[in-house]
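Student: coords below, sequence missing:
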DNA sequence: AACGCGCTTGAATCGGTAG
DNA sequence: ACTACCGATTCAAGCGCGT
């Protein structure tokens, strides 16, 4: 029996298959797929409705496919599809799974238990995440991807140089800054509503596929959804197999693939140059020990004195807030650039705190200029 | 038996305890700790034994060594210490764990199984990570922290405004950019070698503690190591308890702590939002004579007019009720903050009634700032 | 044409207190 | 326990429109 075939089963290529992924995977020949990318349901467990401060309602992911009775039910579902993927993967293939804190720990544990070998966890940092509207937690600004080979001694594909050149000739790190999928890329229905609630940006998939597969390889997505994996694979000269339960999603994906235009290199670029990331909040100076809580700050004429606090706010004459707010407040102005307004004492002279920001940038963005 | 005590056990404070953390935790009174930060040994999976990053062996306590495969012992160890921490945590306390892809999925799964409720996963992005020398993977440039409360409905401390201050008036995100611990901060032995292999930067711990505890709270670290948690806690005016197996690490931590002075109370003041302010019913404004019954209130666009009544309710177009209810009603909204919605006329201009609330606070709670 | 303003939107586990 | 009510809370992008 030829490699890549099982019981006469042939590997379909460049198709979006409608069906349950565990069942459909079992029909595919074993050891026939080079790369799996999976975006399974996250098991969000949302209860109440959420409104923005402007009273508009957040359109949450409340679809039935994201509902599981318990962690146990989710775990068993996860074990099944991860095992089914393992069967169809070639010994030198690899697997990516994306998730959030709701599900990614379950996924990671189970894939380790099944014998997969974690190569990296990669953080997708969103440039434009949804804020935390109630101010009760940190803004959930990232998602986590796990990249794993078939075992501790298994080989796998990693295009080191391609990743390095994508990153201005520096090694690609495990944290990737990319925008969410919106604007013209986001699929919309005729009524203007989004076609799929969780469409992933093509740039994310392109980087995954470029990093861990070769031209001509077979890329499989068991939760194909809007078809971003297939689109990125096709654009990059790979074969794709998508499996999707909902006929409507599969149809949308097929339409995308049909009108696919050739490679547009811009979508693969890093979201922003390093300079774009170099915003240094005043709080970072405190955290980095460049200025201590309790230090006095003065305006250029030393008419006002403010004290730095541990949280990066400053206090002056009963008022508290950011360097900008308090600077504006003491001047009776609408706005103020606190970086140039406030000074600290050094060797008997007043120096603007902006000087310290340069030092902070050196510490936080070592490669910047 | 008093709350916070078990079998007469007293809570030691500001001590580094030498011993096995599970055993030592069992000696502490239950529900007595506000915050746990844990940096447990990683699961390096060498020969089915567990090693710390410095290759010192972790004693496996379990007989069923190979029953669960190579991860079994690590899982059982993890379950034990997480359960022991859960016992000593107050119902409104919270827990942080830091780890890498080697162990964090096991930790996350087990803490969910034990009933902890994940609030965020927070990514520590390293400015200066160790490069991947062999060029076979992505540079491992981050570590993952899980922040969890005691359960889905448990309260927890989150100093939203303080975090926002640190980030120059933008919500703090789940990805934190901080340098690794090096230079003068890194503890060295006389021979110049690192005192501890995985010393964490104090800035990381400071942000964790500032975010999720109050001044005076008890912060516990079951794997104290070089004592960074204790140092950050002490500097920020919290009590600390460190537990560490290795006498040499404990001794190094004590030496660090000895020369450390906590910040003064003023520097520890942290930005507080409106949530921290005393609540003033609108009726109090009427009672205090700050606004008279019969006064007209308007929305910002002056499309609606309401009349203040003697009992602190307002009436508008036949409807009557609180400033919030009527504000929501005239807008057709689910909810409304009447304090900022309704305005009164003063010198020909519309001023929000929130200004009057500030005046009422001065009268009713004079010591408030 | 370029710019500014306003509106919309995104995988979200998003209260506390008094009665 | 449950109910009622108070009242706090958002960032980056894209798009359409008006100047």
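Tutor: In hand now; what should we look at? Bear in mind that the values here come from a model prediction, so they are computed numbers and not experimental data. Numbering: from 1, shown residues only, chains lettered A, B, ... in the order given.
Student: domains for chain A, by residue range?
Tutor: According to the TED database, chain A comprises the domains A:15-268, A:282-364.
Student: Tell me which of those sits nearest to residue B:344.
Tutor: Of all the domains of chain A, domain A:15-268 sits nearest to residue B:344, with 22.7 Å by Cβ to Cβ. Any C-beta I mention is one placed from the backbone N, CA and C, and that applies to glycine too.
Student: chain center to that closest one: distance?
Tutor: 10 Å (Cα atoms, centre = their mean, to the nearest Å).
Student: Do it and DNA strand D come into contact?
Tutor: Yes. Applying Cβ under 7 Å from any atom of the strand, one finds domain A:15-268 touching DNA strand D at A:51-55, A:127-135, A:139, A:179, A:182-184.
Student: Cross-check the residues you listed against chain B and keep the overlap.
Tutor: Among the residues of domain A:15-268 next to DNA strand D, the ones lying near chain B by Cβ under 8 Å from any Cβ of the partner chain are A:51, A:55, A:129, A:131, A:132, A:135, A:139.
Student: Any of these buried? List them.
Tutor: A:129, A:132, A:135, A:139 (16 or more other Cβ atoms under 10 Å in any protein chain shown).
Student: Check the gap between the first one and DNA strand C for me.
Tutor: To tie it back to what came earlier, the one meant is residue A:129. Noted for residue A:129: a distance of 6 Å to DNA strand C, by Cβ to the nearest atom of the strand, to the nearest Å.
Student: rewinding a little: going by distance to DNA strand C, which of the ones next to chain B among the residues of domain A:15-268 next to DNA strand D wins?
Tutor: Checking those against DNA strand C with Cβ to the nearest atom of the strand, the nearest one is residue A:132 at 4.2 Å.
Student: ok, which residues in the stretch 251-369 of chain A are in contact with chain B?
Tutor: Counting by Cβ under 8 Å from any Cβ, the stretch 251-369 of chain A sits next to chain B at A:281-284, A:286-289, A:293-294, A:307-313, A:315, A:318, A:320-325, A:363-366.
Student: Run through the residues that contact whichever residue of chain A sits closest to DNA strand C.
Tutor: Nearest to DNA strand C, among the residues of chain A, is residue A:134, at 2.9 Å (Cβ to the nearest atom of the strand). For residue A:134, the contact set (Cβ atoms under 8 Å, 6 or more residues apart in numbering or on different chains) comprises residue A:50.
Student: With residue A:118 instead?
Tutor: A:108, A:111, A:112, A:146, A:147, A:148, B:101, B:102.
Student: One more pass at 6 Å, please.
Tutor: A:148, B:101 (Cβ atoms under 6 Å, 6 or more residues apart in numbering or on different chains).
Student: on that earlier part again, so what pLDDT did the residue of chain A closest to DNA strand C get?
Tutor: With respect to pLDDT, residue A:134 scores 98.
Student: Save the domains of chain A as CSV, and put in distance to residue B:253 too.
Tutor: Listed next are the domains of chain A as CSV, based on distance: least, Cβ to Cβ, whole Å:
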stretch, distance to residue B:253
domain A:15-268, 28
domain A:282-364, 19
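Student: which stretch of helix or strand covers the residue lying closest to residue A:294 once chain neighbours are set aside?
Tutor: Excluding the flanking residues, the one nearest residue A:294 by Cβ to Cβ, 6 or more residues apart in numbering or on different chains is residue B:267, at 4.3 Å. Assigned by DSSP states H and E, residue B:267 belongs to helix B:265-268.
Student: what about the helix or strand that that helix is followed by, near DNA strand C?
Tutor: Using DSSP H and E, the helix or strand that directly follows helix B:265-268 along the chain is helix B:282-287. No. Shown here: helix B:282-287 not in contact with DNA strand C (Cβ under 7 Å from any atom of the strand), separated by at least 12.7 Å.
Student: Any buried residues in helix B:282-287, and which?
Tutor: Those would be B:282, B:283, B:284, B:285, B:286, for helix B:282-287 by 16+ other Cβ under 10 Å.
Student: which residues touch the first one?
Tutor: Contacts here follow Cβ under 6 Å, 6+ apart; on that basis residue B:282 touches B:312, B:323.
Student: Could you do the last one as well?
Tutor: When the contact criterion is Cβ under 6 Å, 6+ apart, the partners of residue B:286 are residue B:312.
Student: ok, 7 Å please
Tutor: Listed by Cβ atoms under 7 Å, 6 or more residues apart in numbering or on different chains, the contact set of residue B:286 reads B:293, B:308, B:310, B:312.
Student: Contacts only, for residue A:147.
Tutor: A:94, A:96, A:119, A:120, A:122, A:212.
Student: Now do the SS call for it.
Tutor: With DSSP: H, G, I helix; E, B strand; the rest coil as the basis, the three-state label of residue A:147 is strand.
Student: mind checking pLDDT for it?
Tutor: The model's pLDDT for residue A:147 equals 98.
Student: what does residue A:226 give?
Tutor: On the pLDDT scale, residue A:226 gets 98.
Student: now residue A:199
Tutor: For residue A:199, the predicted pLDDT is 98.
Student: what do you get for residue A:20?
Tutor: 98.
Student: Residue A:48: neighbour count?
Tutor: Residue A:48 sits with 6 neighbouring residues when counted by other Cβ atoms under 10 Å in any protein chain shown.
Student: Residue A:363: what's it in contact with?
Tutor: With the criterion set at Cβ under 7 Å, 6+ apart, residue A:363 makes contact with A:288, B:127, B:179.
Student: right, and residue A:171 touches residue B:139 too?
Tutor: Yes. If you go by Cβ atoms under 7 Å, residue A:171 and residue B:139 touch, sitting 4.5 Å apart.
Student: list the residues that contact both of the two?
Tutor: With Cβ under 7 Å, 6+ apart, residue A:171 and residue B:139 have common neighbours B:131, B:132.
Student: Quick check: buried residues in stretch A:221-241?
Tutor: Neighbour-count burial for stretch A:221-241 [16+ other Cβ under 10 Å]: A:221-236, A:238-241.
Student: Which members of the residues you listed occur in helices, if any?
Tutor: A:228, A:229, A:230, A:231, A:232, A:233, A:234, A:235 (DSSP state H).
Student: Just the pLDDT for the second one.
Tutor: Per-residue confidence for residue A:229 comes out at a pLDDT of 98.
Student: My guess is it contacts residue A:202. True?
Tutor: No. Using Cβ under 7 Å, residue A:229 makes no contact with residue A:202, being 9.3 Å away.
Student: Go through chain A and flag its longest helix.
Tutor: Longest helix in chain A, counting by DSSP H: helix A:71-88.
Student: Run the contact check for that one versus DNA strand C.
Tutor: No. Residues of helix A:71-88 are not located near DNA strand C by Cβ under 7 Å from any atom of the strand, the shortest gap being 8.4 Å.
Student: what packs against that helix?
Tutor: Contact here means 3 or more Cβ pairs under 7 Å, 6 or more residues apart in numbering or on different chains; DSSP states H and E; on that basis helix A:71-88 packs against helix A:21-27, strand A:33-38, helix A:104-113.
Student: quick one: which of those is nearest chain B?
Tutor: When the helices and strands packed on helix A:71-88 are compared by Cβ to the nearest Cβ, helix A:104-113 sits nearest chain B, at 2.8 Å.
Student: Quick check: mean pLDDT of the closest one?
Tutor: 98.
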